[in-house]
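> sequence below, structure please.
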Amino acid sequence: MSRSVVLACRVLDDVDTWVRSGTLVTACLLSSLVCGADCNRNGVEDEADLTAGASEDCNGNGVPDECDIAYATSEDCNNNGVPDECEGGEQSIRDCNGNGQPDLEDIATGVSIDADGDGIPDECEGLLDVVFVLDVTASKSSQYLGVQIADDLASDKSILLAAIQDRSNGCAHYGMVTFRDLVEVNLPLTCDAAQLQSAASDIEHDGGGGVPEASDRALLEVLLEGAAENCLPPSKGYECCTGDGNPDLCTYPPVCLAGTQRFDVPFRKDARRIVVHATDAVPGGCDDNHLPSIDMVFAERIADLAGEQDVHVLAIADAFAAIEAAALYADRSDGLLIAPYDCVTTIEDLALVLRGLDVGTGLTNCCPADLDGNGTVDGADLTTVLGAWGTTGPAGSVEGDLDGNGIVDGYDLTIVLGNWGSCSS
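Numbers count the residues shown, from 1 in each chain. Below is the predicted model of the structure:
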């Protein structure tokens, strides 16, 4: 849904830009005083709404509470329509520095400095917005990191949530989008970790069958942040595609949503923005048909869009088929590619990455091609792969099946040769 703020003197058609530039709050305040704002678009000026009691302004900033919440200038973690700062909510009780005193009290008494006035002590600045974009088809094996992510997030002892909360000093927002041949928005960005756990608990791995999945369109939905007609606002100079899209005629393809929910809550302007994207399939748009001349062109543009919006993609390729697109997403967004043969193979490994540690530091299984465990990838490991050539079985059950695709084949040989030599190097 396109978002705009209607003023008596003019219309701001691109509110997203104002949100990201940090001028939205000032714009709302000034427009309430000067231009006669109608930020909730009910046909009545905000000042009149507030005077008549039709809208509340619990924080006294001259903006109706529903607009503070809609445009993310206030949080509403319990979704009751009241900004959290007005009801002893998360911001009022947060103690990010662990000194036993609420952050707002620290700021008010001078114990902490809040130079940017965001209600968070400067020593705790570490806003982190993390969106999980996960393949939920039945082809996903329990060995795959993407499946492990969903299972971990559903746990009341989630390792990933603990890592994110530690990294962000308790100032994290979470979201989730899943995909098969269509895209489903499970959870727009929220500060409530319990909602993320609930969304993960509802995931059922089924469907699929064809190799391509809508992995590209799921990432695009996150980046669009609810823009109309599955494309960026026309004011940014982009055209929309119809059907499955033609990259010669338009910039971005349609998203192909499975429902009506959009990913329409914007990233916070000061937050570090992370998308954890996991799939074992090539991008196939909406038609279950991978055409490189179309799908990889769109994948490249979507990757560039992530970079433009300062969204870092942690791209997990759970199988070799997904590596090409995943590498694009990671490279163009200054993110990180995790391939089937890499060191990040467990939730614990991924948690270390999210905490900001260097990949390869304290991680398990950092030399997967060293099949005999002698510290070197050598002729003995090559012999094992060649001796098991063509052997099939469930993922993780076949010695020599390094990429976990259920068969010892050329991909596994490539891993051995590509990691030849001492593991320490």
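> please name the nearest non-neighbouring residue to the most centrally placed residue in the chain.
Nearest residue to the geometric centre of the chain (CA atoms, centre = their mean): residue 131, 2.3 Å. Excluding its sequence neighbours, the residue lying closest to residue 131 (CB to CB, 6 or more residues apart in numbering) is residue 175, at 4.0 Å. No exception for glycine: its C-beta is placed from N, CA and C like everyone else's.
> SS state for the one you found?
strand (DSSP: H, G, I helix; E, B strand; the rest coil).
> how close does it sit to residue 273?
To residue 273, residue 175 is 10 Å away according to CB to CB, to the nearest Å.
> need the residues touching each of those two.
Residues touching both residue 175 and residue 273 by CB atoms under 8 Å, 6 or more residues apart in numbering: residue 129.
> quickly find the element holding the residue nearest to the centre of the chain.
According to DSSP states H and E, residue 131 maps onto strand 128-135.
> could you do residue 99 as well?
Short version: residue 99 belongs to no helix or strand, going by DSSP H and E.
> per-residue confidence for it?
Per-residue pLDDT puts residue 99 at 70.
> ditto for residue 70
On the pLDDT scale, residue 70 gets 74.
> could you measure from it over to residue 202?
Residue 70 is 25 Å from residue 202, by CB to CB.
> among the two, which residue is more densely surrounded?
Per other CB atoms under 10 Å, whichever of residue 70 and residue 202 has more neighbours is residue 70, with 17 against 12.
> what residues of stretch 369-386 count as buried?
369-371, 376-378, 381-382, 384-385 (16 or more other CB atoms under 10 Å).
> what's the separation between residue 323 and residue 339?
6 Å.
> return every residue with contacts to both of these two.
With CB under 8 Å, 6+ apart, residue 323 and residue 339 have common neighbours residue 317.
> put the alpha carbons of whichever strand or helix holds residue 194 into PDB.
Element membership for residue 194 (DSSP H and E) is helix 193-201. The C-alpha trace of helix 193-201 is given here as PDB (Å, rounded to 0.1, in the frame of the first residue of the first chain):
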ATOM      1  CA  ALA A 193      10.500 -11.500  19.900                       C
ATOM      2  CA  ALA A 194       7.600 -13.600  21.000                       C
ATOM      3  CA  GLN A 195       5.800 -12.800  17.800                       C
ATOM      4  CA  LEU A 196       8.800 -14.100  15.800                       C
ATOM      5  CA  GLN A 197       8.800 -17.300  17.800                       C
ATOM      6  CA  SER A 198       5.100 -17.800  17.200                       C
ATOM      7  CA  ALA A 199       5.600 -17.200  13.400                       C
ATOM      8  CA  ALA A 200       8.400 -19.700  13.300                       C
ATOM      9  CA  SER A 201       6.300 -22.300  15.200                       C
END
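> so the next helix or strand after that helix versus strand 128-135, what angle?
For helix 193-201, the succeeding helix or strand toward the C-terminus, using DSSP H and E, is helix 215-224. If you take axes from the mean of the first three to the mean of the last three CA atoms, to 10 degrees, helix 215-224 sits at 150 degrees to strand 128-135.
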